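> here is my input, please return the structure:
(one chain, ligands or ions: 1)
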Amino acid sequence: MFQVTFIEVESGKRTTVQVDPARYPYHDHGLPGSLLDIAMGHHIHIEHACGGNCACTTCHVIIKKGDDHLSDQTDREEDLLDKAPGLTLHSRLACRAIVESGDVEVEIPAHTVHVVKSGGSHE
Ligand code: FES
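Numbering: from 1, shown residues only. Predicted coordinates:
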């Protein structure tokens, strides 16, 4: 069992959930056991405009603790992250980063939500 803590920057809300890899997937978005899968399966909202298919950057999150406990980044994830607003050295796409080997603490940036809202108003 691993512990995953989600910190929603906009509201300051912290939610910690226990996850069991034997129970992956928790939901139906993103890779089974990904941060998006775990969040959605526990009623924590992370934007995922492409449906968790590694084709956007709206699920961008920042890993505060436990980078080493996540699956490795693919080239595709790296390429997409390069376009993510507010990119940091600890950025990941929530639909790709699978919790594999230990506890993780994840920040859900407020700007992710804002980008989606302002993006929609241009069209
Ligand atoms: S939801 Fe689109 S890349 Fe993760």
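> pLDDT at the residue nearest to the spatial centre of the chain, what is it?
The centre of the chain sits closest to Ala94, judged by Cα atoms, centre = their mean, with a distance of 2.3 Å. On the pLDDT scale, Ala94 is placed at 98.
> quickly list what the nearest residue to Lys65 once chain neighbours are set aside is bridged to.
Leaving aside its chain neighbours, Lys65 sits nearest to Glu105 (4.0 Å; criterion: Cβ to Cβ, 6 or more residues apart in numbering). Quick note: C-beta positions are derived from backbone N, CA and C, even for glycine. Per DSSP bridges, the residues bridged to Glu105 are Thr5, Lys65.
> can you pull the contacts of Glu105?
Contacts for Glu105 (Cβ atoms under 8 Å, 6 or more residues apart in numbering) come out as Val4, Thr5, Ile7, Ile63, Lys64, Lys65, Gly66.
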